[in-house]
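> Can you look at this prediction? I've put the sequence above it.
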Amino acid sequence: HVQLVESGGGSVQAGGSLRLSCVASGFSASEYYMAWFRQAPGKEREGVAAIDHAGNTTYAYSVKDRFTISRDSAANTLYLQMNSLKPEDTAIYFCAADRCNRQLAGGYSYWGQGTQVTVS
């Protein structure tokens, strides 16, 4: 069955970096549109970055030039490199996958369980 498992979250000081990973199983990630979302306490879930089949990427304005989304097709893994982290980046980060190109909109078919990122 389809499964997405995130890892790489943690606590970091402002200005630091983290790399999140999302291992996909039960499907070929290269055949799906994939994205990272986040949800901070008391706030709605928001799209952070998305990648399509050709490797084209889309970023939320708040993370543009600081975050980089990428995928390793051989490892069936999605990544999110986060640099210059700010306290407002604190959230649970989720990866998502869908056959349709949803970019940063919701409605993805498959979701991981999330990984906590805390920036102080």
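It's in. Numbering: from 1, shown residues only.

> show me the contacts for the spatially most central residue of the chain.
By CA atoms, centre = their mean, the chain has its centre lying nearest to Trp36, at 2.3 Å. By CB atoms under 8 Å, 6 or more residues apart in numbering, Trp36 lies in contact with 20, 22, 47-50, 69, 78, 80, 93-96. Any C-beta I mention is one placed from the backbone N, CA and C, and that applies to glycine too.

> do the same with Leu20
6-9, 36, 79-80, 82, 93, 95, 115, 117.

> The same query, at a cut-off of 7 Å, please.
6, 8-9, 79-80, 93, 115 (CB atoms under 7 Å, 6 or more residues apart in numbering).

> try Ser30
With contact set as CB under 7 Å, 6+ apart, Ser30 has these partners: 71, 73.

> ok so, going back, most surrounded residue in the contacts of Trp36?
The most neighbours of any of the contacts of Trp36, using other CB atoms under 10 Å, belong to Cys95, which has 30 neighbours.
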